[in-house]
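Enquirer: this one's sequence-less:
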């Protein structure tokens, strides 16, 4: 049984003069889903969000909201609300008045507005600040009020345009938890735009990785990270080692690649139809050292070391190949690998991926 869609983006393109911001984008966002549009600046994610909101019109294609065509519908007639990066609160109004403003415009009666404003303040844990104005709040508190205002009118879809980017690290992490909790409590479809991979992996049910105006891959956080569909996705999500090589055999979902490491590696592939040039990707944390080394084994020389608290990151040399690897600092007394020392490294072949060029 297929899941009902909240948003359908059907073969949508957007051009600004000679510049193509979106190029034949086509996918569905399910109801009650936390869906993230992830990609670098200029990839088209904000343009797509603005089209769903009604602030831009597609040059081609169409948009559906719960099965209803909205591509030409004015923004104010869509049951879609947006939380902006700068929060866009009214500075002369109290927090209660900010939340109530949109409800008054919708024609809600006073009693219903009062009840709803109280419920929203309670939901974001801001009841005690109801009479304050935005300039009396911290960044995180303003973010909560922006969320409460956007959720108050019970939208079918909530759009979030990089809403955490102005917050410091600790507050960003706390707000990620709060956003996910709010989405689960309300059951509203959230469409979240970010360039931060960690945010996307932490909060999302599914992620659409965007690049060059197109959707490069859609999947769960684990699918996107563990099984990238192409080199762009593997490079953008997290850290990885790329080794160019030659595929010498393809059998179903498995490919055997020969790289400068000198050992043939057989593992799953993406986008290959037969032998030829390709790239192997292996994540730094998938490479074991010394007693943790297994699978394809190599002698390596340690070239650099960076202590990062929970992990220490190293670069090592295997012949002419430089690899990055990460070791979890599980014990406070754990020995570091000395620069210049020779170590044994290895990785299980299924942890690598062969990507078409």
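Expert: Cool, the structure landed. Everything numeric here is computed off the predicted structure, so don't read it as measured data.
Enquirer: Mind giving me the packing neighbours of the longest helix seen in the chain?
Expert: The longest helix of the chain (DSSP state H) is helix 169-186. Contacts defined by 3 or more C-beta pairs under 8 Å, 6 or more residues apart in numbering; DSSP states H and E place helix 169-186 against helix 139-152, strand 189-194, helix 197-203. Placement of C-beta: from N, CA and C, glycine included.
Enquirer: Out of those, which is closest to residue 249?
Expert: helix 197-203 (32.9 Å; C-beta to C-beta).
Enquirer: What's the first helix or strand after that closest one?
Expert: strand 206-211 (DSSP states H and E).
Enquirer: Which neighbours in the sheet does that next one have, and how are they oriented?
Expert: Paired neighbours of strand 206-211 in the sheet (DSSP bridges): strand 34-38 (parallel), strand 214-219 (antiparallel).
Enquirer: now it against strand 189-194, angle please.
Expert: Put simply, strand 206-211 runs at 40 degrees to strand 189-194, going by axes from the mean of the first three to the mean of the last three C-alpha atoms, to 10 degrees.
Enquirer: what's strand 206-211 in contact with?
Expert: For strand 206-211, contacts defined as C-beta atoms under 8 Å, 6 or more residues apart in numbering pick out 27, 30, 33, 35-40, 43-45, 48, 200-201, 215-221, 224, 232-233, 236-237.
Enquirer: for it, what is the average pLDDT?
Expert: The average of the pLDDT scores along strand 206-211 is 97.
Enquirer: Tell me which residue is most central in the protein.
Expert: Centroid-nearest residue in the chain, with C-alpha atoms, centre = their mean: residue 200, separated by 2.7 Å.
Enquirer: which ones are touching that residue?
Expert: Counting by C-beta under 8 Å, 6+ apart, residue 200 has contacts 36, 38, 192, 194, 207, 221.
Enquirer: From residue 151, how far out is it?
Expert: Distance of residue 200 to residue 151, given as C-beta to C-beta, to the nearest Å: 21 Å.
Enquirer: hmm, back to that, among the contacts of strand 206-211, the buried ones, what's the ChimeraX command?
Expert: The ChimeraX command for the buried members of the contacts of strand 206-211 (criterion: 16 or more other C-beta atoms under 10 Å) is given here:
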select :27,33,35,36,37,38,39,43,44,45,48,200,201,215,216,217,218,219,221,224,232,233,236,237
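Enquirer: For residue 246, see how far away the closest residue to residue 179 other than its chain neighbours is.
Expert: Among residues not flanking residue 179 along the chain, residue 203 sits closest, at 6.3 Å (C-beta to C-beta, 6 or more residues apart in numbering). Note on residue 203: its distance to residue 246, by C-beta to C-beta, is 39 Å.
Enquirer: More neighbours: which of these two?
Expert: For the pair residue 203 and residue 246, the greater number of neighbours falls to residue 203 (22 against 13), based on other C-beta atoms under 10 Å.
Enquirer: In this structure the more buried one contacts residue 196, no?
Expert: No: Residue 203 is beyond contact range of residue 196, at 10.1 Å (criterion: C-beta atoms under 8 Å).
Enquirer: For residue 62, give the beta-bridge partners.
Expert: Here residue 62, judged by DSSP bridges, has bridge partners residue 10.
Enquirer: number of nearby residues for residue 185?
Expert: Using other C-beta under 10 Å, residue 185 has 10 other residues around it.
Enquirer: residues contacting it?
Expert: residue 123.
Enquirer: The one 5 residues further on too?
Expert: The neighbours of residue 190, taking C-beta under 8 Å, 6+ apart as the test, are 33-35, 157-158, 160, 179, 183.
Enquirer: any weak-confidence spans in the chain?
Expert: For the chain, applying pLDDT under 70 flags the ranges 1, 332, 334, 357.
Enquirer: Let me see the ranges of the helices in it.
Expert: Secondary structure of the chain (DSSP H): helices at 45-53, 95-105, 110-123, 139-152, 169-186, 197-203, 221-226, 231-236.
Enquirer: any chance of these in JSON lines, with distance to residue 320 too?
Expert: Formatted as JSON lines, those follow (distance: least, C-beta to C-beta, whole Å):
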{"stretch": "helix 45-53", "distance to residue 320": "38"}
{"stretch": "helix 95-105", "distance to residue 320": "61"}
{"stretch": "helix 110-123", "distance to residue 320": "58"}
{"stretch": "helix 139-152", "distance to residue 320": "48"}
{"stretch": "helix 169-186", "distance to residue 320": "38"}
{"stretch": "helix 197-203", "distance to residue 320": "30"}
{"stretch": "helix 221-226", "distance to residue 320": "28"}
{"stretch": "helix 231-236", "distance to residue 320": "21"}
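Enquirer: To residue 65, which of the ones you listed lies closest?
Expert: Per C-beta to C-beta, nearest to residue 65 of the helices of the chain: helix 45-53, 7.9 Å.
Enquirer: contacts for the closest one?
Expert: Contacts for helix 45-53 (C-beta under 8 Å, 6+ apart): 7, 9, 12, 14, 21-22, 25, 37-39, 56-58, 63, 65, 71, 75, 78, 80, 82, 157, 159, 161-162, 191, 193, 210.
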